[in-house]
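Chemist: Here's my sequence, what's the structure:
(one chain, ligands or ions: 2)
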Amino acid sequence: MTDCIFCKIINRELPASIIHEDDHVIAFMDIQPVNPGHILVVPKIHKELIAELDTDLTSRMFNIAAKINLAIRKSPIQSEGINYFLADGEAAGQEVFHTHLHIFPRFRHDGFGLKFHESYTQLPKREELDEICGNIKLSME
Ligand code: 5GP
Ligand code: ZN
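Modeler: Ligands and ions are numbered 1, 2, ... in the order given. Now for the predicted structure:
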């Protein structure tokens, strides 16, 4: 894709701090980190959504993320925990439409968080969970 930032990084048309690269996957430092050590794991093929990748490529991405996870924990970077985050679609917060997995260190009082909407004070009833579960499960067949 000619106007995709991540394709440009892959093709060396834009600079990036690359932590891993193989034939299928690249990982580099996020330019606007949540916390120091924020890394993006990106398939080299241009696909917008994670489900468009074959399962082998998805596995490769998560295997690289696992290595990075361990490396962050061993490194001097401040990290009491690690978040994985993947925005799959614009409504989910995706801004770069070349699928990518965020991995970033977390520590107490770092100021980052995901929040529920305000009306979400009551847990759903079991019947409601079962109905939603059934609807999604049917679509998996
Ligand atoms: P999204 O919101 O799509 O899940 O995340 C896109 C991420 O890409 C953001 O965290 C943003 O900081 C990062 N990003 C955007 N442009 C660039 C860039 O040119 N270089 C790098 N390294 N990261 C970028
Ligand atoms: Zn791309």
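Chemist: helices or strands up against the longest helix anywhere in the chain?
Modeler: For the chain, the helix reaching the highest residue count under DSSP state H is reported as helix 55-74. Taking 3 or more CB pairs under 8 Å, 6 or more residues apart in numbering; DSSP states H and E as contact, the helices and strands that helix 55-74 lies on are strand 18-21, strand 25-29, strand 39-43, strand 81-85, strand 101-106. All C-beta atoms are positioned from the backbone trio N, CA, C, and that covers glycine.
Chemist: and if we set it to 7 Å?
Modeler: Helix 55-74 sits against strand 25-29, strand 39-43, strand 81-85, strand 101-106, with contacts defined as 3 or more CB pairs under 7 Å, 6 or more residues apart in numbering; DSSP states H and E.
Chemist: Same list (those) but as CSV, adding distance to residue 62.
Modeler: Formatted as CSV, the helices and strands packed on helix 55-74 follow (distance: least, CB to CB, whole Å):
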stretch, distance to residue 62
strand 25-29, 10
strand 39-43, 8
strand 81-85, 8
strand 101-106, 7
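Chemist: what's the most buried one of these?
Modeler: Of all the helices and strands packed on helix 55-74, strand 39-43 carries the top mean neighbour count, a mean of 24, counting by mean count of other CB atoms under 10 Å.
Chemist: Within the sheet, what are the partner strands of that strand, with directions?
Modeler: Strand 39-43 has the following strand partners under DSSP bridges: strand 25-29 (antiparallel), strand 101-106 (antiparallel).
Chemist: Taking helix 55-74 as reference, get the angle to the shortest one.
Modeler: Meaning strand 25-29. Strand 25-29 runs at 30 degrees relative to helix 55-74, counting by axes from the mean of the first three to the mean of the last three CA atoms, to 10 degrees.
Chemist: close to ligand 2, is strand 25-29?
Modeler: No. Strand 25-29 is not in contact with ligand 2 by CB under 5 Å from the ion; minimum separation 10.8 Å.
Chemist: So which residues make contact with that strand?
Modeler: With contacts defined as CB atoms under 7 Å, 6 or more residues apart in numbering, strand 25-29 is touched by 9-10, 16-20, 38-44, 60-61, 64, 68.
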